[in-house]
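Enquirer: Structural data only, the sequence is not supplied:
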């Protein structure tokens, strides 16, 4: 009997997490449809899953941002690095704003029954002024900011640490500090991995509760969320990245650009990974005539700090959770989403589970119930993650075209753009 259990768990461990989560999602729906209210009590599995994830949110955010800012600080001193950083920083809020527009247009999350709230939701209070919002970004007690999950203050503190480390004269000490934060980040990633391992059961519990207590019709409103995700993806891709960045700022022919990037687009969608698409992205940059010096800096750098797809997803997902629990988001809350998701893009890109971590952090910051995350995880990898990866990857190539046009410090013997429109 023991050998049978060992065989089962060994086989279970070899199954990719995506298939486990999708199986939990499907099994939960099946259990709810077959047994109805008899399986409503399985919701506690989702509660445990959410607590495990929220346990590591703040430490992960601190480590990711300190390492990202500390490591790229030196790289960003040149003209090319400064321009690249500026473009990434500006494009992300536009992507988030478009995500918010489509989230409200499709009224995502409306009509979906809310899970029982364990920690309690905090409705938005009277919105502070813009000046008060700016002041509140700066913490006066970092431990209080961490204990109350004040994401913007935690991010501000983390960025300051990263900037200070990158500016240290003793590079040996700076290296030791960065390695320490990397090591602690690895520990938090391990704990997040344990939470991800439990995630199939948590998703199963949530979906069994949802369908068991409200019927299969409770799944229909999820369609609006999917439509909003792909509508904002297409809008950001064609309007922000291709039309504005590539054509207007970069001066490239859009048709030629789309022909050159078709392979990394399809591959990033299929693999749901910006890192895995790096070789194809570099090959596409060469087809576009991007100088090697520019492509070899901008594309890997973009994988570290550029997260247009993930940041815009956070906007849609936050509105989704607010609508599920019937909580109104005002102008102040939307501004906070834009600021938090923009800052969170530095260091979160390319990190496994980063979207889940950042979504939990933003929900905690706004006082929204993090139980709503469990409703989205089941089909995230299958339908949502690929759309995020496409925008993240394409944003890197789009920025290459702008840097190619405005940075003239590369060697003259580099080959000129083959398909650039003068």
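Expert: Received the coordinates, thanks. Source: prediction; values computed, not measured. Numbers count the residues shown, from 1 in each chain.
Enquirer: need the longest helix for this structure.
Expert: Longest helix in the chain, counting residues (DSSP state H): helix 171-214.
Enquirer: could you point out which element follows that one?
Expert: Next helix or strand after helix 171-214 toward the C-terminus (DSSP states H and E): helix 222-235.
Enquirer: what comes into contact with that next one?
Expert: 98-99, 101-103, 105-110, 112, 309, 312-313, 316, 320, 376, 379, 383-384, 387, 390-391 (CB atoms under 8 Å, 6 or more residues apart in numbering). In short, each C-beta sits where N, CA and C put it, glycine included.
Enquirer: low-confidence ranges in the stretch 101-250 of the chain?
Expert: 115-130, 132-133, 149 (pLDDT under 70).
Enquirer: Surely residue 99 forms part of a helix?
Expert: Yes - using DSSP: H, G, I helix; E, B strand; the rest coil, the assignment for residue 99 is a helix.
Enquirer: Quick one, grab the pLDDT at it.
Expert: Looking at residue 99, its pLDDT stands at 91.
Enquirer: Same check on residue 61?
Expert: So, for residue 61, pLDDT stands at 76.
Enquirer: Tell me what angle the helix or strand hosting it forms with helix 171-214.
Expert: Secondary structure from DSSP H and E places residue 61 in helix 57-72. Computed by axes from the mean of the first three to the mean of the last three CA atoms, to 10 degrees, the angle separating helix 57-72 from helix 171-214 equals 140 degrees.
Enquirer: Please state the offset of helix 57-72 from the chain centre?
Expert: 14 Å (CA atoms, centre = their mean, to the nearest Å).
Enquirer: what comes into contact with that helix?
Expert: 81, 85, 146, 149, 151, 154-155, 157-159, 161-163, 165-166, 174, 177-178, 181-182, 184-185, 188-189, 192, 301, 304-305, 343-344, 346-348, 351, 354, 357-358, 360-361, 364.
Enquirer: Those residues in helices, which ones?
Expert: 81, 85, 146, 151, 154-155, 157-159, 161-163, 165-166, 174, 177-178, 181-182, 184-185, 188-189, 192, 301, 304-305, 343-344, 346-348, 354, 357-358, 360-361, 364.
Enquirer: Would you map the helices across the stretch 301-422 of the chain?
Expert: 308-324, 331-348, 354-366, 374-377, 385-406 (DSSP state H, counting those that start in this stretch).
Enquirer: Can you check which of the ones you listed gets nearest to residue 286?
Expert: Among the helices of the stretch 301-422 of the chain, helix 385-406 comes nearest to residue 286, with 10.5 Å by CB to CB.
Enquirer: For that closest one, list every residue counted as buried.
Expert: Buried residues in helix 385-406, counting neighbours by 16 or more other CB atoms under 10 Å, are found at 385-404.
Enquirer: That one packs against which elements?
Expert: helix 79-105, helix 222-235, helix 262-271, helix 278-287, helix 292-305, helix 308-324 (3 or more CB pairs under 8 Å, 6 or more residues apart in numbering; DSSP states H and E).
Enquirer: Compare those helices and report which one is nearest to residue 216.
Expert: helix 222-235 (11.6 Å).
Enquirer: Quick one: name whatever helix or strand follows that closest one.
Expert: helix 254-260.
Enquirer: what's the burial count for the nearest residue to residue 165 once chain neighbours are set aside?
Expert: Distance criterion CB to CB, 6 or more residues apart in numbering; nearest residue to residue 165, sequence neighbours excluded, is residue 70 at 4.1 Å. Using other CB atoms under 10 Å, residue 70 has 26 other residues around it.
Enquirer: separation between residue 70 and residue 343?
Expert: 15 Å (CB to CB, to the nearest Å).
Enquirer: Next: residue 210.
Expert: 33 Å.
Enquirer: before we move on, what about residue 160?
Expert: In this view, residue 160 and residue 343 are 12 Å apart by CB to CB.
Enquirer: residues contacting the nearest residue to residue 334 once chain neighbours are set aside?
Expert: In space, residue 334 comes closest to residue 100 once its chain neighbours are excluded; the distance is 5.8 Å by CB to CB, 6+ apart. Counting by CB under 8 Å, 6+ apart, residue 100 touches 315, 316, 319, 334, 337, 338.
Enquirer: Tally up the residues packed near the fourth one, please.
Expert: Residue 334 has 19 neighbouring residues, counting by other CB under 10 Å.
Enquirer: again with residue 173
Expert: Applying other CB under 10 Å, I find that residue 173 has 11 neighbouring residues.
Enquirer: Ok, residue 233 next?
Expert: Residue 233, neighbours per other CB under 10 Å, totals 25.
Enquirer: Residue 267 too?
Expert: So residue 267, with other CB under 10 Å, has 18 neighbours.
Enquirer: Relative to residue 16, how far out is it?
Expert: 18 Å.
Enquirer: got it, and residue 262?
Expert: With distances taken as CB to CB, residue 262 is found 26 Å from residue 16.
Enquirer: these two touch, right, residue 310 and residue 355?
Expert: Yes - the criterion here is CB atoms under 8 Å, and residue 310 meets it with residue 355 at 5.2 Å.
Enquirer: Wasn't residue 144 part of a strand?
Expert: No - when three-state DSSP is applied, residue 144 is found to be helix, with no strand at that position.
Enquirer: got a list of what it touches?
Expert: For residue 144, the contact set (CB under 8 Å, 6+ apart) comprises residue 150.
Enquirer: Ends of stretch 267-285, what's the gap?
Expert: Start to finish, the residues bounding stretch 267-285 are 15 Å apart (CA to CA, to the nearest Å).
Enquirer: now do stretch 362-375
Expert: OK, stretch 362-375 end separation, CA to CA: 16 Å.
Enquirer: Now do stretch 269-289, average pLDDT.
Expert: 79.
Enquirer: Give the buried residues for that stretch.
Expert: 269, 272-274, 277-278, 280-282, 284-285, 287-289.
Enquirer: Could you do stretch 212-219 as well?
Expert: Neighbour-count burial for stretch 212-219 [16+ other CB under 10 Å]: 212, 213, 218, 219.
Enquirer: what's the answer for stretch 103-118, then?
Expert: 103, 104, 106, 108, 109, 112, 114, 115.
Enquirer: can you give me how far that stretch is from the chain middle?
Expert: The answer for stretch 103-118 is 20 Å, by CA atoms, centre = their mean.
Enquirer: Would you mind pulling the contact partners of that stretch?
Expert: 43, 46-47, 50, 206, 209-210, 213-214, 218, 220-222, 224-225, 227-228, 231-232, 315-316, 318-326, 369, 371-372, 374-375.
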